[in-house]
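Please find the sequence and the predicted model below.
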Amino acid sequence: MSKPVDSRRAGARRERVRPLGVFSSLKLELCALLVFATAIAFAMCWFLLKFGWSGWLAMPVTLVVALGITYLFSRGLTARLRQLRDAAEAMADGDYTVRVPMDESSHDEVGQLARSFNEMAAELQHADQMRRDMIANVSHELRTPVSALQAQVENMADGVTEPTPANLEGILDQTQRLSDLIAFLLDLSRMEAGAASLEIERFDFGEFLDDTIEPLEIADGGHAHDIRMQVAPGIVMEGDQDRLRQLFTNIIGNALKHSPDGTSVLVEVHEDETHGTVVTNVVNFGSQIAPEARSDIFRRFVKGKSGPGTESGGTGLGLSIARWAAQLHGGDVRVVDDMRGADFEITLPKRHTAA
């Protein structure tokens with residue numbers, strides 16, 4: 001939860017009175033302050049001279065009064081700058097929850113700076129929370145297969161269990177899980193680096209999908225999901241098959257994970273001749289994704305819900321990596337409205353254009 005600047009900032013908050021806050025520009029506020037202080041000083045000097053004061057006495061008194069008015073009116077301007085300074089110092093100390101108190105009626109440059117600062121602080125807080133979540137998630141995801149592997153190997157070493165094919169297959173499953181996690185982390189590092197090399201080749205898209213879906217059907221095991229394909233024949237496109245296989249494996253695997261046993265997942269493919277793209281819709285029937293959650297699910301380490309209030313398994317990286325792989329090819333992945341269920345639409349250009 002974000003909190004305003006506190007403790008040593010309390011005095012600054014008491015100074016948020018801004019008599020000149022009606023102006024939309026800091027320059028106008030300063031000009032108005034200068035004109036107002038000058039007018040008061042001139043009127044006071046004229047008044048004192050009219051009543052017989054000496055010029056040598058009236059001038060200092062007038063200057064003191066003008067400086068006092070300027071100081072009083074400028075407190076509202078400088079207080080906000082002090083709040084920004086204190087918030088920046090708190091953020092430099094690692095407190096990303098700090099926020100500058102906002103006056104919604106302020107539209108001058110300092111007010112805009114405060115809004116931008118708060119937006120930056122929110123982004124940094126989100127990034128810091130993601131870093132913490134990443135450490136927690138990766139630690140958990142690594143600990144689970146490593147603990148299982150250690151227990152199985154120790155039991156075999158102590159002679160408690162025999163190295164039967166079933167036990168060895170369990171060890172293989174855990175090593176595969178570790179390998180998948182490491183691959184996810186490597187992809188995440190590529191995403192952070194903002195670049196990845198692509199090996200572009202021409203291929204038949206229908207055959208590519210067949211090869212991609214076959215291991216997913218085998219891995220689906222006893223869930224009895226039916227992956228139905230409706231692919232227009234003769235679609236040929238250019239791209240990196242390894243990256244695209246990663247894209248479609250993650251999207252279709254996500255659809256299978258969130259589909260009840262015995263249901264179908266539909267993969268529809270058609271060409272958009274107008275835009276020169278191949279459009280694939282992956283639909284798992286029955287379930288829906290709320291419109292307000294459709295952008296969040298592509299953020300790193302955000303896990304979907306397998307039931308009310310229940311997070312699904314996995315690393316929370318699959319969909320973000322899928323979108324990254326699509327964007328590497330100049331395409332995109334998004335959730336679209338579909339009465340049938342959750343519909344992930346993948347749009348990819350047929351011809352690869354070097355960046």
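Okay, I see it.

following the top helix by length along the chain, which helix or strand shows up next?
Determined from DSSP state H, the single longest helix within the chain is helix 109-157. On the C-terminal side of helix 109-157, the closest following helix or strand by DSSP states H and E is helix 165-193.

Next, the angle from that following helix to helix 109-157.
160 degrees (axes from the mean of the first three to the mean of the last three Cα atoms, to 10 degrees).

who's in contact with the next helix or strand after helix 165-193?
Remark: after helix 165-193, the chain's next helix or strand is strand 201-204, criterion DSSP H and E. Contacts to strand 201-204, defined as Cβ atoms under 8 Å, 6 or more residues apart in numbering, come from residues G234, I235, V236, M237, E238, G239, D240, Q241. All C-beta spots, glycine's among them, are computed from the backbone N, C-alpha and C.

Starting from strand 201-204, tell me which strands it pairs with and how they run.
strand 236-239 (antiparallel) (DSSP bridges).

quick one: buried residues of the strand it pairs with?
Buried residues in strand 236-239, counted by 16 or more other Cβ atoms under 10 Å: M237, E238, G239.

ok but D242 is inside a strand, no?
No. Under DSSP: H, G, I helix; E, B strand; the rest coil, D242 sits outside any strand and is assigned helix.

Next up, the contacts around the residue nearest to it when sequence neighbours are not counted.
Nearest residue to D242, sequence neighbours excluded (Cβ to Cβ, 6 or more residues apart in numbering): E199, at 7.3 Å. Taking Cβ under 8 Å, 6+ apart, we find E199 in contact with D240, Q241, D242.

Check the gap between the last one and H223 for me.
For D242, the distance to H223 equals 26 Å [Cβ to Cβ, to the nearest Å].

okay, now the domains of the chain?
3-125, 134-193, 201-349 (automatic domain parsing).

Mean pLDDT for those domains - can I get that in TSV?
Listed next are the domains of the chain as TSV, based on pLDDT from 0 to 100:
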stretch	mean pLDDT
domain 3-125	73
domain 134-193	78
domain 201-349	84
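
Quick check on the residue of the chain positioned farthest from its centre: phi, psi?
The centre of the chain is farthest from one residue, G52, which by Cα atoms, centre = their mean lies 70.8 Å away. Note on G52: backbone dihedrals following degrees, to the nearest 10 are phi 90, psi 10.

now swap in the one 3 residues further on and tell me
Here is the backbone geometry of G55 (degrees, to the nearest 10): phi -60, psi -30.

Just confirm it contacts T62, I think it does.
No. With contact defined as Cβ atoms under 8 Å, G55 does not reach T62; the gap is 9.9 Å.

Which one of the two is surrounded by more residues?
T62 (22 against 10; other Cβ atoms under 10 Å).

so what's the most centrally placed residue in the chain closest to, chain neighbours aside?
Nearest residue to the geometric centre of the chain (Cα atoms, centre = their mean): R299, 5.4 Å. Sequence neighbours aside, S320 is the residue nearest to R299 in space, at 6.3 Å (criterion: Cβ to Cβ, 6+ apart).

That neighbour contacts F298, correct?
Yes. Contact status for S320 versus F298: in contact at 5.5 Å, counting by Cβ under 8 Å.

Looking only at neighbour counts, state which of these two leads.
A side-by-side neighbour count of S320 and F298, using other Cβ under 10 Å, places S320 first with 22 against 17.

The one helix or strand that one maps to - contacts with which helices or strands?
Using DSSP H and E, the element containing S320 is helix 318-328. Taking 3 or more Cβ pairs under 8 Å, 6 or more residues apart in numbering; DSSP states H and E as contact, the helices and strands that helix 318-328 lies on are helix 165-193, helix 241-257, strand 332-336, strand 341-349.

What is the first one packed up against?
By that I understand helix 165-193. Checked by 3+ Cβ pairs under 8 Å, 6+ apart, helix 165-193 has helix 109-157, helix 318-328 packed alongside it.

Check the third one too.
With contacts defined as 3+ Cβ pairs under 8 Å, 6+ apart, the secondary structure elements packing on strand 332-336 are helix 318-328, strand 341-349.

Which of those has the highest mean neighbour count?
helix 318-328 (a mean of 22; mean count of other Cβ atoms under 10 Å).

Only C-alpha atoms, please: export stretch 78-89 in CSV.
Extracted in CSV, the C-alpha atoms of stretch 78-89 (Å, rounded to 0.1, in the frame of the first residue of the first chain):
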residue,chain,number,x,y,z
THR,A,78,8.3,25.8,-2.2
ALA,A,79,6.4,23.3,0.0
ARG,A,80,5.5,21.1,-2.9
LEU,A,81,9.2,21.1,-4.1
ARG,A,82,10.3,20.1,-0.6
GLN,A,83,7.8,17.3,-0.7
LEU,A,84,9.2,16.1,-4.0
ARG,A,85,12.7,16.3,-2.6
ASP,A,86,11.8,14.3,0.5
ALA,A,87,10.0,11.7,-1.5
ALA,A,88,13.0,11.4,-3.9
GLU,A,89,15.3,10.9,-0.8
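
Most neighbours out of the contacts of E199, which is it?
If you rank those by neighbour count (other Cβ under 10 Å), D240 sits at the top with 19 neighbours.

Could I get the contacting residues of the nearest residue to that residue once chain neighbours are set aside?
Leaving aside its chain neighbours, D240 sits nearest to L198 (4.1 Å; criterion: Cβ to Cβ, 6+ apart). Each residue near L198 by Cβ under 8 Å, 6+ apart is listed here: G239, D240, R243, L328, H329, H352.

Quick check: of those residues, which lies closest to N155?
For the contacts of L198, the minimum distance to N155 (Cβ to Cβ) is 39.7 Å, reached by R243.
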